[in-house]
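Trainee: Show me how the following folds:
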Amino acid sequence: MSTEIRTDFSIAADGIDPKTVPMKKLFNGTEMPGIGMGTFGSPGIGMGTFGSDRFALEDIANAVVGAAEVGFRHFDCASVYDNETLIGQAFQTIMKGSIPREELWITSKVWNDMHDDVIKSCKQSLKDLQLDYLDLFLVHWPFPNYHAPGCDVDARSPDAKPYIHDVFMKTWRQQELFDFALENKIQPIGFCPIGSPTRPDLGRSLGFEW
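Mentor: Numbering: from 1, shown residues only. Reported below is the predicted structural model:
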């Protein structure tokens with residue numbers, strides 16, 4: 001495992017041209033790279049044992065630098081990953097290299113415990129990521145079932161409703177919803193569309209099969 005964030009940066013000779021990555025146009029005309037890199041993987045985050053037991057915080061940050069070297073320009077971050085300060089250092093390495101900020105698409109998210117103070121959460125992410133702006137800021141989960149740092153994965157608020165997989169899949173398999181999104185220039189996004197090959201145990205525990 002790495003213990004330091006890389007400060008060197010060079011475009012890989014065997015990388016891809018970022019211009020060949022499909023772009024998705026949003027409602028305001030802005031174009032977003034259709035393929036991006038997620039930065040989830042830090043141990044000990046507020047999601048309990050959902051945190052990765054395979055990668056250190058520094059490994060994820062250095063992977064961001066490496067991904068930019070081979071052509072990635074879209075990076076998906078989140079405050080709950082507990083690594084945005086290190087990811088911010090990685091972005092500085094990238095931008096001090098040969099990639100201007102304008103060529104990057106950077107997303108972050110508000111976590112469940114900050115639904116009532118989104119602006120504060122956004123400002124903190126900007127500070128941690130060492131950025132003047134984000135290209136996209138999302139609500140991480142649609143319900144505020146906050147998990148305290150270090151809590152067990154089975155911990156639940158007594159007021160929370162249980163997750164029912166059949167109901168969830170029924171909602172997201174409706175063709176009408178997908179069509180509605182496209183017709184209204186709402187861009188659907190697929191999380192982990194090729195699976196999660198290093199975490200099949202987690203997927204099966206939640207009832208998913210790859």
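Trainee: CA atoms for contacts and neighbours, from now on please.
Mentor: Noted.
Trainee: Okay, domains of the protein per the record?
Mentor: Annotated domains of the chain cover 18-155, 163-210 [automatic domain parsing].
Trainee: Kindly reformat the ones you listed as a markdown table containing mean pLDDT, mean neighbour count and distance to Arg6.
Mentor: Listed next are the domains of the chain as a markdown table, based on pLDDT from 0 to 100; neighbours: other C-alpha atoms under 10 Å; distance: least, C-alpha to C-alpha, whole Å:
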| stretch | mean pLDDT | mean neighbour count | distance to Arg6 |
| --- | --- | --- | --- |
| domain 18-155 | 86 | 17 | 6 |
| domain 163-210 | 68 | 11 | 24 |
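Trainee: got those as CSV, with distance to Thr7 columns?
Mentor: Formatted as CSV, the domains of the chain follow (distance: least, C-alpha to C-alpha, whole Å):
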stretch, distance to Thr7
domain 18-155, 5
domain 163-210, 27
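Trainee: right, so of the ones you listed, which gets closest to Phe9?
Mentor: domain 18-155 (5.6 Å; C-alpha to C-alpha).
Trainee: can you pull the contacts of the residue nearest in space to the middle of the chain?
Mentor: The residue lying closest to the centre of the chain (C-alpha atoms, centre = their mean) is Asp76, at 3.3 Å. For Asp76, the contact set (C-alpha atoms under 8 Å, 6 or more residues apart in numbering) comprises 36-39, 106-108.
Trainee: Where strands are concerned, which of those count?
Mentor: Applying DSSP state E to the contacts of Asp76, the entries found in strands are 37-38, 106-108.
Trainee: hang on, the earlier thing: quick check: the residue nearest to the centre of the chain vs Val64, distance?
Mentor: 10 Å (C-alpha to C-alpha, to the nearest Å).
Trainee: anything in contact with each of the two?
Mentor: With C-alpha under 8 Å, 6+ apart as the test, Asp76 and Val64 both reach 37, 39.
Trainee: Nothing else from me, thank you.
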